[in-house]
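1. just need the structure, nothing else, for what follows:
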Amino acid sequence: MSNPGEYHGSCFCGAVKFTVRGEPAAMGYCHCESCRQWSAGPVNAFSLWPKDTLTVTKGGDNISEYSKSPNSHRKWCNTCGGHVFTDHPEWGLVDVYVALIPKFPFQPGVHVNYQEAVLRLPDGLPKLKDLPAEMGGSGTAVAE
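-> All right, here's what the predicted structure looks like:
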């Protein structure tokens, strides 16, 4: 049985299972080329959680990692190849892919790296050129 504010997820095959608890630090959509290539989609729905709110409950030894940059340690299941999360050590946060936590009430608040968008989403949410200033970006808003 789940506790309120606790959400369960898994990779594509279920060999890796995890729980996040509490509230994410941020939710939204990333349009950067790296996220698009990694997700094999035109946009990535993210939920950034404080690292200590994520617990791998099964298959921790079945996770591999690749780091294209020092701030993104992308992780996947060795069995199915399903992507599970991306650690962002510079921020102390982990991006848990929203599609993997089906009962989580995703409420996006921002689009980041919108200058790189290949799929425009006119949804009324703020669109940032890159990242918020507090995360090392310019914080500059761009038009929808």
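
2. show me what contacts residue 32?
-> When contacts are counted by Cβ atoms under 8 Å, 6 or more residues apart in numbering, residue 32 is found next to 112, 113, 116. All C-beta spots, glycine's among them, are computed from the backbone N, C-alpha and C.

3. rerun that using 7 Å as the cut-off
-> 113, 116 (Cβ atoms under 7 Å, 6 or more residues apart in numbering).

4. distance check, it against residue 68.
-> Counting by Cβ to Cβ, to the nearest Å, the gap between residue 32 and residue 68 amounts to 11 Å.

5. residue 33 now?
-> Taking Cβ to Cβ, one finds residue 33 at 10 Å from residue 68.

6. return the set of buried residues in stretch 135-144.
-> residue 135 (16 or more other Cβ atoms under 10 Å).

7. err, stretch 12-28, not the other one
-> By 16+ other Cβ under 10 Å, the buried positions in stretch 12-28 come out as 12, 15, 16, 17, 18, 19, 20, 21, 24, 26, 27, 28.
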